[in-house]
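Q: Output the structure for:
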Amino acid sequence: MSIRIGIDVGGTFTDFLVIYPEGQRRIHKTSSVPSDPPLAVYNGLQEIAALDKKPIEEFLAGVELIVHGTTVTTNALLTRRGPKTALLVTEGFRDVLPMRHGTREEPYDNRLEQPDPLVPRHLRLPVGGRFDYKGDEVTPLSEQDVREAVGIMQEQDVESVAISFMHSHAATAHEDRAAEIVAEIMPDAYITKSSELLGQARYYERTSTAVLNSYAGPIISSYLTKLLELLSAVKFDGILLMMQSNGGVATPDQLAKRAALSLLSGPASGPTAGLLVTATHGWDSCITVDMGGTSFDAAVVKDNKPLVMTDGEIDRWSLALPAVDIHTIGAGGGSIATVDEGGLLRVGPQSAGAVPGPACYRRGGVHATTTDADVVLGYIDPDTFMNGQIGLDREASIQAIKTDVADPLGLSVEEAAAGIYEVVNVTMATGVRDITVRRGLDPRDFPIVVAGGAGPVHAAAIARELEIPVLITPRDSSIFCAAGMLVCDFKHDYVQSANQRLHTLSGETLVSVWKGMAEEGRKTLLAEGVPETDISFIPSLDLRYKGQWYELNIEVNPSNLDTPDFVEFAKVFHREHEVLFGYNNLEMPIDLLHIRLSAIGHTPKDRVTLSGTISSDAVREPKRRNIWSPKQHRMVEVDVHQGGPMGPGEEVEGPAIIELGTTTIVVLDEYNTVVDKNGSFVMYLRDQKETLKARLNLI
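A: Now for the predicted structure:
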């Protein structure tokens, strides 16, 4: 067995988890390079090779697998730094993007402005030709319109093209021919056919997703080309896999074809990693929270599976490909604190990022950030931050908070820092409520698995706000997503529209559709090197009551691939509808909108854990430090424990600090923290100690 590496490129830091053949592991972080993202991966690998006292070529010769997630396409989309993109649409539907669903996004917000479409109107080009909803041709495709549109694209230096025609999910011929013409005249253009990417009804969703795919395509293709060149130059000949937003991995070639799946790939492995942590305690459900330098990500795992959505959005544009339901907000260590014109304190979503970073980084940042508040409140030790690799300037934090927050609000610096801490925590707690309550779930029923370099500093305050009694911080929480990537399965999703009453669909038709999808998925997975014996399929249906606007995705037993049980489908739908909306109607007809199937290529799950290594030779004697106590509303002196040598059964009573080198666990007054048998740090409400310790199976 050779070396395996998980890499998560974030907005501030790029995280690495290296698993060596003998089971040793190395956690490493390096600064991200926003101007040249692949360079951060290369730099980190060079630094790891140097720590192993090897040339990078010799180190990479022993690397079997690299699994990699990145936010490069997300950042380009959010900042509008993507390629010039054109859109071919059916004549009469040039404004499908700005019209969206035809309804107001926020009915009661008169000031809300529509986001600017990724494709401006002069590049949304109408084409004659039409199919009806049954797939019958009403008007032939106007190839002349297509050629004239391509001429405009050439004049405008268009790099990427999306093609989305009405009812193309029912008949693909017009999109296929238009794509042939575009490729013939513009052979270097990146082309997305909506019917190939997302063969389902709803024109706006399909068009928006196709545009996002074409916008992301050249970006991820260029990124992968540069990354592969860098790796090839240092003789890497192992396997490179990319994380997808659906929670699975794929080869670079597959991701380049379905580039929109890279838009949320960075945090998508977090829920899978969460299951590694909670399984040892008998939980099959949890909430994962990951707070890094730029953003905060929250997700729910229920019944051993991350919750998946097919109606997601990114930057307020529809992304209808299946994706792990992750709620992301601009609340990280680099989030900038400001006082608005009304005298209200706000934190984020603007971020200081990696460069210049928080004021305390001494890289040119002058604005107060969450990290600056954490330093002032004593939660982060300037001398031991990131294992001492980055010395922090506490005085710079004090000055930034004084200037930006304390003086405008008439507060002391400590009170202002506490305000920043409280505001960002409430913001993150609201994000957790959003992904639980809107699904009919009570967050108090789930343990929180804490990740990210900044996550353990803030997690207890988030849990207290939500009345959640248990939090688990893995020893390797700071590289949580990088670890999760090493245990994610291959995954490819397929969909076909049905649009009929459930009871009118024949079993033979349903089996035929699922079998066709399964065969396509099998071919793709075999091409990616997955053995036949490790391939499985998960069928599902999008169902709704007659006349409803939204549908529910109902996962069904794989045995239905051969013998569909329509009675069971209805029972599951009624049950899920009651959970989510508080009622069901057993007499109401059920509509079937889409038939779906996920093709899974299973990977070994014993390759990595998040338990980390107990450092038996580290210093065990606690130090003392003043930190802010939210309960007492003042600075108090507490013990600062070195988490490295803490073993199973060792317990810390709050308020206290536990330092882990790449992160810090803040134990608030109401909590205790005990190390479980796997080395993770379990924080629980002290007044529920006996009940929770029995439930947690700690030792």
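Q: For the rest of this, base every contact and every neighbour count on C-alpha atoms.
A: OK.
Q: can you list the weak-confidence ranges in the stretch 551-699 of the chain?
A: 605-620, 693-699 (pLDDT under 70).
Q: those strands in it, which residues are they?
A: For the stretch 551-699 of the chain, the strands defined by DSSP state E, counting those that start in this stretch occupy 552-555, 590-601, 623-629, 634-642, 651-653, 656-659, 664-667, 671-675, 681-685.
Q: again, but for the stretch 151-300 of the chain
A: 160-164, 190-193, 239-243, 249-250, 286-291, 296-302.
Q: out of the ones you listed, nearest to F16?
A: Nearest to F16, of all the strands of the stretch 151-300 of the chain, is strand 239-243, at 14.2 Å by C-alpha to C-alpha.
Q: model confidence over that closest one, on average?
A: Per-residue pLDDT values across strand 239-243 average out to 92.
Q: same check, this time on stretch 31-45
A: 89.
Q: List the buried residues in that stretch.
A: 31-34, 37-45 (16 or more other C-alpha atoms under 10 Å).
Q: now do stretch 462-479
A: 462-464, 466, 468-479.
Q: for stretch 307-320, same thing?
A: Going by neighbour count (16+ other C-alpha under 10 Å), the buried part of stretch 307-320 is 307-310, 312, 317-320.
Q: circling back: max pairwise distance over the buried residues of stretch 31-45: which two?
A: Top of the distance list for the buried residues of stretch 31-45 (C-alpha to C-alpha): P34 and L45, 17.2 Å.
Q: got the contact list for the spatially most central residue of the chain?
A: Nearest to the geometric centre of the chain sits P267, at 3.0 Å (C-alpha atoms, centre = their mean). Contacts for P267 (C-alpha atoms under 8 Å, 6 or more residues apart in numbering) come out as 69, 245, 297, 326, 481.
Q: Ramachandran coordinates for the fourth one?
A: To tie it back to what came earlier, the one meant is I326. As for I326, its main-chain torsions (degrees, to the nearest 10) stand at phi -110, psi 130.
Q: That one - how many residues pack around it?
A: 27 (other C-alpha atoms under 10 Å).
Q: I figured it was touching D297, is that so?
A: Yes: between I326 and D297 a contact is recorded at 6.3 Å, counting by C-alpha atoms under 8 Å.
Q: show me the contacts for L88.
A: L88 neighbours (C-alpha under 8 Å, 6+ apart): 124-127, 146, 149, 161-165.
Q: Neighbour count, distance to N560 and pLDDT for these - can I get that in TSV?
A: Formatted as TSV, these follow (neighbours: other C-alpha atoms under 10 Å; distance: C-alpha to C-alpha, whole Å; pLDDT from 0 to 100):
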residue	neighbour count	distance to N560	pLDDT
R124	22	42	97
L125	24	43	97
P126	19	42	97
V127	24	41	97
V146	21	43	97
A149	21	46	97
V161	31	38	98
A162	27	35	97
I163	27	34	98
S164	28	32	97
F165	29	33	97
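Q: Tabulate those residues (JSON lines), appending distance to V640.
A: Formatted as JSON lines, the contacts of L88 follow (distance: C-alpha to C-alpha, whole Å):
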{"residue": "R124", "distance to V640": "60"}
{"residue": "L125", "distance to V640": "63"}
{"residue": "P126", "distance to V640": "66"}
{"residue": "V127", "distance to V640": "68"}
{"residue": "V146", "distance to V640": "68"}
{"residue": "A149", "distance to V640": "66"}
{"residue": "V161", "distance to V640": "57"}
{"residue": "A162", "distance to V640": "56"}
{"residue": "I163", "distance to V640": "59"}
{"residue": "S164", "distance to V640": "59"}
{"residue": "F165", "distance to V640": "62"}
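Q: Looking at the residues you listed, which is nearest A273?
A: Closest approach to A273 among the contacts of L88 (C-alpha to C-alpha): A162, at 34.9 Å.
Q: how close does that closest one sit to P140?
A: 20 Å (C-alpha to C-alpha, to the nearest Å).
Q: Same check on V682?
A: 65 Å.
Q: more neighbours, these two?
A: V682 (23 against 11).
Q: That one is in contact with A460, isn't it?
A: No: using C-alpha under 8 Å, V682 makes no contact with A460, being 11.0 Å away.
Q: shared neighbours of these two, which are they?
A: Joint contacts of V682 and A460 (C-alpha under 8 Å, 6+ apart) are L471.
Q: Give the other helices and strands that whichever helix or strand I7 is part of contacts.
A: Per DSSP states H and E, I7 falls inside strand 3-9. Contacts defined by 3 or more C-alpha pairs under 8 Å, 6 or more residues apart in numbering; DSSP states H and E place strand 3-9 against strand 13-19, helix 37-51, strand 63-70, helix 480-485.
Q: Swap in 7 Å and give it another go.
A: Counting contacts by 3 or more C-alpha pairs under 7 Å, 6 or more residues apart in numbering; DSSP states H and E, strand 3-9 packs against strand 13-19, strand 63-70, helix 480-485.
Q: Pull the residues that contact that strand.
A: The contact list for strand 3-9 (C-alpha atoms under 7 Å, 6 or more residues apart in numbering) reads 14-21, 32, 62-71, 266, 481-483, 485-486.
Q: now those residues: which count as buried?
A: 14-20, 32, 62-71, 266, 481-483, 485-486.
Q: pLDDT below threshold where in the protein?
A: For the chain, the stretches with pLDDT under 70 are 1, 354, 387-389, 605-620, 693-699.
Q: quick one, domains of it?
A: If you go by automatic domain parsing, the domain ranges for the chain are 3-77+222-262, 81-215, 335-421, 490-601.
Q: Wait, D404 touches A368, no?
A: Yes: between D404 and A368 there is a contact under C-alpha atoms under 7 Å: 6.4 Å.
Q: the more surrounded of these two?
A: Neighbour count, other C-alpha under 10 Å: between D404 and A368, A368 has more, with 31 against 20.
Q: Next, the contact list for C360, please.
A: Contact analysis of C360 by C-alpha under 7 Å, 6+ apart lists 372, 392-394, 396-397.
Q: Among these, which are located in strands?
A: Nothing among those maps onto strands, per DSSP state E.
Q: In TSV: those residues, plus distance to D253 and neighbour count.
A: Listed next are those as TSV, based on distance: C-alpha to C-alpha, whole Å; neighbours: other C-alpha atoms under 10 Å:
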residue	distance to D253	neighbour count
D372	42	33
L392	42	23
D393	44	17
R394	46	22
A396	46	21
S397	45	30
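Q: Let me know the closest of these to T225.
A: L392 (36.2 Å).
Q: Find the nearest non-adjacent residue to the closest one, please.
A: Nearest residue to L392, sequence neighbours excluded (C-alpha to C-alpha, 6 or more residues apart in numbering): P382, at 4.5 Å.
Q: which SS class is the one you found?
A: Classification of P382 by DSSP: H, G, I helix; E, B strand; the rest coil places it in coil.
Q: For this protein, which helix extends over the most residues?
A: In the chain, assigned by DSSP state H, the helix with the most residues is helix 203-233.
Q: Which residues does stretch 485-502 contact?
A: For stretch 485-502, the external contacting residues (C-alpha under 7 Å, 6+ apart) are 6, 67, 169, 198-201, 243, 247-250, 269, 272, 517, 521, 590-605, 608.
Q: Can you say which of those are buried?
A: Buried residues within the contacts of stretch 485-502, counting neighbours by 16+ other C-alpha under 10 Å: 6, 67, 169, 198-201, 243, 247-250, 269, 272, 517, 521, 590-603, 608.
Q: May I ask you to confirm that V652 is in contact with N672?
A: Yes: the pair V652 and N672 qualifies as a contact (C-alpha under 7 Å) at a distance of 5.7 Å.
Q: Give me the contacts around stretch 515-523.
A: Here stretch 515-523 makes contact (C-alpha under 7 Å, 6+ apart) with 492, 494, 537, 597, 599.
Q: Compile the residues you listed into CSV and extend it with columns for distance to D445.
A: Formatted as CSV, those follow (distance: C-alpha to C-alpha, whole Å):
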residue, distance to D445
H492, 31
Y494, 33
F537, 30
L597, 30
A599, 31
